[in-house]
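Undergrad: Make a model of this:
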Amino acid sequence: MDREPMPGWLRMLYGAPNRLYAGGLGRVLGHRFVQIHHLGRRSGRRFQAVVEVVRYDPVTGEATVMAGYGHQADWYRNVLAAGRADLDFGRGPRPARFRSVEQGEAEQVLRDYLRRYRPVAPAMNAFLGWLAGWPFDASPAAITRLCEQMPMLALRPDRP
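TA: Residues are numbered from 1 along each chain as shown. So this is what the prediction gives:
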């Protein structure tokens with residue numbers, strides 16, 4: 001997938017959650033972002049990835065996240081290979097199980113997410129289009145295509 005280089009201002013904005021977690025301030029992001037601790041599928045080393053939460057269930061603690069770089073995203077492949085991950089909402093990592101989100105559910109999650117952030121839809125659509133490598137317009141066909149290209153995982157802490 002060929003995509004334009006990320007503009008500097010967008011790179012800075014996109015990297016802000018990582019910097020907050022690195023500075024011990026991840027909790028200020030609430031449940032909007034989560035740091036996923038995972039083991040490298042080949043190296044066995046510990047890694048972290050900060051990803052946006054597209055749906056959060058406050059009762060179960062389940063966080064649904066999308067692999068913005070698609071099926072080849074390292075964190076996504078590592079979690080699948082290990083079968084587990086740890087979730088950190090800024091208060092320390094907690095062991096979690098995961099499930100792959102099926103296509104129909106993923107499309108509904110994305111529709112709900114886009115509805116919640118409708119005021120920033122033009123910027124959101126442009127960013128999702130940049131990630132996908134094609135113009136994303138939030139149409140039903142585009143939502144289906146994006147969910148096929150960018151899988152979702154639902155991660156639930158062992159104890160909420």
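Undergrad: Retrieve the pLDDT associated with residue 5.
TA: Note on residue 5: pLDDT of 70.
Undergrad: For it, which three-state class applies?
TA: Classification of residue 5 using DSSP: H, G, I helix; E, B strand; the rest coil returns coil.
Undergrad: In this protein, what residue spans correspond to helices?
TA: Assigned by DSSP state H, the helices in the chain fall at 8-22, 74-82, 103-116, 121-132, 140-149.
Undergrad: Output the ones you listed in TSV, with distance to residue 42 appended to each entry.
TA: For the C-beta atoms, the positions are set from N, CA and C on the backbone; glycine is no exception. As requested, the helices of the chain are exported to TSV (distance: least, CB to CB, whole Å):
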stretch	distance to residue 42
helix 8-22	23
helix 74-82	9
helix 103-116	27
helix 121-132	25
helix 140-149	24
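Undergrad: which other helices and strands contact the longest strand anywhere in the chain?
TA: Criterion DSSP state E: the longest strand present in the chain is strand 46-56. Applying 3 or more CB pairs under 8 Å, 6 or more residues apart in numbering; DSSP states H and E, one finds that strand 46-56 contacts helix 8-22, strand 33-39, strand 63-66, helix 74-82, helix 103-116.
Undergrad: Can you show me the CA trace of the last one as PDB?
TA: Output of helix 103-116 as PDB, limited to C-alpha atoms (Å, rounded to 0.1, in the frame of the first residue of the first chain):
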ATOM      1  CA  GLN A 103     -16.700  -8.200  10.200                       C
ATOM      2  CA  GLY A 104     -20.300  -7.300  10.900                       C
ATOM      3  CA  GLU A 105     -19.600  -6.200  14.500                       C
ATOM      4  CA  ALA A 106     -16.500  -4.300  13.300                       C
ATOM      5  CA  GLU A 107     -18.500  -2.300  10.900                       C
ATOM      6  CA  GLN A 108     -21.000  -1.400  13.600                       C
ATOM      7  CA  VAL A 109     -18.200  -0.400  16.000                       C
ATOM      8  CA  LEU A 110     -16.700   1.800  13.300                       C
ATOM      9  CA  ARG A 111     -20.100   3.400  12.400                       C
ATOM     10  CA  ASP A 112     -20.700   4.100  16.100                       C
ATOM     11  CA  TYR A 113     -17.200   5.500  16.500                       C
ATOM     12  CA  LEU A 114     -17.600   7.800  13.500                       C
ATOM     13  CA  ARG A 115     -21.000   9.000  14.800                       C
ATOM     14  CA  ARG A 116     -19.500   9.900  18.200                       C
END
